[in-house]
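Chemist: Here's my sequence, what's the structure:
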Amino acid sequence: MKRIALILGAACLLVTGLFVATNAYAANLLSNPGFESGNLSGWSCTGSGSAAVTTPVHSGSYALNGNATASDNAQCTQTVTVQPSTAYTLSAWVRGSYVYLGVTGGASTWTSATAYTKLTLPFTTAAGQTSVQVYLHGWYGTGAYNADDIALDGPGTPPTTTPPTSSSPSKSPSASPSPSKSPSTSPTTPVTGIPKHALIGYLHASFANGSGYVRMADIPAAWDVIDLAFGEPTSVTSGDIRFNRCPAAECPNVESDAEFLAAIKAKQAQGKKVLISIGGQNGQVQLTTTAARDAFVSSVSAIIDRWGLDGLDIDFEGHSLYLNAGDSDFRNPTTPVVVNLISALKSLKAKYGTKFVLTMAPETFFVQLGYQFYGGTSAGDNRAGSYLPVIHALRDSLTILHVQDYNSGPIWGLDNQYHTMGGADFHIAMTDMLKAGFPVANTGQTFPGLRPDQIAIGVPAAVSAGNGYVAPAVVQTAVNCLVSGSGCGGYTLRGGTSPAFRGLMTWSINWDRYYNWEFQNAQRPFLNGLP
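Modeler: Down below sits the predicted model:
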């Protein structure tokens, strides 16, 4: 709220023995809080429609107008100096569908209103914290929202008033981080908002699979990325992907579509990412034609837009990917199912922009097996290593690769030894291959390693979730080796240590709930404790 200093006459009120102390709280720590400069001075905003406008306003002459599109939520941020371990109150008057107010790395609140409505958010800074970033944003695809009279009240020094510099609105081109992450989790990265060490899980959103249905609203805050399983094609080669929620006959406690959507938005307001995962064991997807490619882009976009999702997970299994004979250069693939998938993913990335989260969950057969056999060379199964050209082509857009270190046969590692499931050694060797890179069999080419922040380990949450389950402590042994080089046993890391190692993926959230959250309760604190 804008503050107006009141001067009670030219004379001071003098009372013997009485002194009026100044308020310990600054009037407002934000610069240009009501956009009365006529522009976005002091604020960093995304989106082509962000501007200071003259109507509708809550008070004064100007207010913020943000235009949330399908690919941008029109976020505006401002960073100010604060005192550690101190209480503050953030407030704003807003109007529009799903307008959010929050503190990056902290709490948030939201409303949906046709008239200006006040949002208020009290919070306390952490010990040692000297700055805070506040934000406002709308929701993807919901159009314009307005905000006015934004205030951050608490101890500090108010900014110097900035006079209007122009009658025409302007905006800052700099991007801002994704909002709101619980203080109990790790710091976020600037583009995706995913914690440095993330907990990633699949949610059985379209089936129960014996583990029982988990409502979106009931997923604990420990999970950073939630993959909705699964989007599946209308036929193997159609490219037309559909996401059907679990029917009540199979999932008696399934929530309504409206409740599901509201729960997704609530998770995202907490800083979580919700993705649609395409494929799975039963969802064979072969983009054999450009028509199938285009149908894939269109239908996946429709799912993302319908549910306001943050991105896409590619979980192509079975015979979805393969390499034709003679397609032996992973850098320049020629097989249609591979070429068309690459093209489709690049189109989706271009459509949704830098905040689009792209993950992949291949089996070891399709990635690490490429060190020993590569399908395009006609040596062994033509599917061997067939994810490599997709990963390589999308490496600049790929957020996380979490290979399934389960349901796997023995795999030849960089130490030229076979590694089998059942111990930390398997996870260490398989993950080291992704970081170090490796020669692709019989091609004379080397697959370059990925950045460590792009790499996570995929493991079953429980004994019923898949072959290759090991106790949480065994997984932690592997991660400690990969991150710091300790406890590696007889294996020598070819790719060096990876303090930026992204985290753990599991199949599945449902199975973890079924087994009393063993995976979550062990791994969330462990990840938080990593450097």
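Chemist: how about residue 438, what does it touch?
Modeler: Taking CB atoms under 8 Å, 6 or more residues apart in numbering as the contact definition, residue 438 lies against 368, 370-371, 414, 446-447. Backbone N, C-alpha and C define where each C-beta goes, glycine included.
Chemist: between those, which is closest to residue 43?
Modeler: Comparing those against residue 43 with CB to CB places residue 447 closest, at 43.4 Å.
Chemist: Residue 193 touches residue 269, doesn't it?
Modeler: No. Look at residue 193 against residue 269 with CB atoms under 8 Å: they stay out of range, at 11.7 Å.
Chemist: coming back round to it: could the contacts of residue 438 go into TSV alongside secondary structure?
Modeler: Below are these laid out as TSV (DSSP: H, G, I helix; E, B strand; the rest coil):
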residue	secondary structure
368	helix
370	helix
371	helix
414	coil
446	strand
447	strand
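Chemist: Out of the residues you listed, which end up buried?
Modeler: Among those, those classed as buried by 16 or more other CB atoms under 10 Å are 368, 370-371, 414, 447.
Chemist: Quick one: the helices in the stretch 351-500 of the chain, in order.
Modeler: Along the stretch 351-500 of the chain, the segments classed as helices by DSSP state H, counting those that start in this stretch run 388-393, 424-436, 472-484.
Chemist: so can I have a markdown table of these showing distance to residue 123, mean neighbour count and mean pLDDT?
Modeler: Shown next, in a markdown table, are these (distance: least, CB to CB, whole Å; neighbours: other CB atoms under 10 Å; pLDDT from 0 to 100):
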| stretch | distance to residue 123 | mean neighbour count | mean pLDDT |
| --- | --- | --- | --- |
| helix 388-393 | 40 | 24 | 98 |
| helix 424-436 | 37 | 24 | 97 |
| helix 472-484 | 31 | 20 | 98 |
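Chemist: what's the neighbour count on the closest residue to residue 442 other than its chain neighbours?
Modeler: Computed as CB to CB, 6 or more residues apart in numbering, the closest residue to residue 442 that is not its neighbour in sequence is residue 377, at 4.3 Å. Neighbourhood size, residue 377 [other CB atoms under 10 Å]: 19.
Chemist: Pick out the most distant pair among the contacts of residue 438.
Modeler: Using CB to CB, the pair of these lying farthest apart is 368 and 446, separated by 14.0 Å.
Chemist: which stretches of this protein aren't confidently modelled?
Modeler: Scanning the chain for pLDDT under 70 picks out 1-27, 70-71, 105, 140, 157-192, 379.
Chemist: What backbone torsions are found at the spatially most central residue of it?
Modeler: By CA atoms, centre = their mean, the chain has its centre lying nearest to residue 273, at 3.9 Å. Backbone torsions of residue 273, given as degrees, to the nearest 10, read phi -110, psi 130.
Chemist: I'd like the distance between it and residue 196.
Modeler: 14 Å (CB to CB, to the nearest Å).
Chemist: name the element residue 347 belongs to?
Modeler: Using DSSP states H and E, the element containing residue 347 is helix 336-352.
Chemist: Contact partners for the nearest residue to residue 129 once chain neighbours are set aside?
Modeler: Nearest non-adjacent residue to residue 129, counting by CB to CB, 6+ apart: residue 84, 4.9 Å away. Counting by CB under 8 Å, 6+ apart, residue 84 touches 125-130.
Chemist: Give me the nearest residue to residue 531, chain neighbours excluded.
Modeler: Leaving aside its chain neighbours, residue 531 sits nearest to residue 499 (5.3 Å; criterion: CB to CB, 6+ apart).
Chemist: Hmm, residue 503 and residue 453 touching each other?
Modeler: No. Assessed by CB under 8 Å, residue 453 is found out of contact with residue 503, at 9.6 Å.
Chemist: Mind checking which of those two has more residues around it?
Modeler: residue 503 (26 against 20).
Chemist: Tell me how far that one lies from residue 229.
Modeler: Going from residue 503 to residue 229 by CB to CB gives 19 Å.
Chemist: quick one, strands of the stretch 101-250 of the chain?
Modeler: In the stretch 101-250 of the chain, the strands defined using DSSP state E, counting those that start in this stretch lie at 108-124, 131-137, 143-153, 198-204, 225-233, 241-242.
Chemist: Which of these sits closest to residue 458?
Modeler: strand 198-204 (8.3 Å).
Chemist: For my notes, confirm residue 260 occurs in a helix.
Modeler: Yes. In this structure, residue 260 lies within a helix as judged by three-state DSSP.
Chemist: Surely residue 467 touches residue 404?
Modeler: No. Applying CB under 8 Å as the test, residue 467 and residue 404 come out as separate, 10.3 Å apart.
Chemist: Those two: which has the busier surroundings?
Modeler: Set residue 467 next to residue 404 and count neighbours by other CB under 10 Å: residue 404 wins out with 24 against 11.
Chemist: How many residues are close by the closest residue to the more buried one other than its chain neighbours?
Modeler: Nearest residue to residue 404, sequence neighbours excluded (CB to CB, 6+ apart): residue 458, at 4.5 Å. Residues within reach of residue 458, counting by other CB under 10 Å, total 25.
Chemist: related to what we said a few turns ago, tabulate the contacts of residue 84 in JSON lines, adding columns for neighbour count and distance to residue 96.
Modeler: Converted to JSON lines, the contacts of residue 84 look like this (neighbours: other CB atoms under 10 Å; distance: CB to CB, whole Å):
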{"residue": "125", "neighbour count": "20", "distance to residue 96": "29"}
{"residue": "126", "neighbour count": "15", "distance to residue 96": "31"}
{"residue": "127", "neighbour count": "7", "distance to residue 96": "36"}
{"residue": "128", "neighbour count": "7", "distance to residue 96": "36"}
{"residue": "129", "neighbour count": "16", "distance to residue 96": "30"}
{"residue": "130", "neighbour count": "10", "distance to residue 96": "32"}
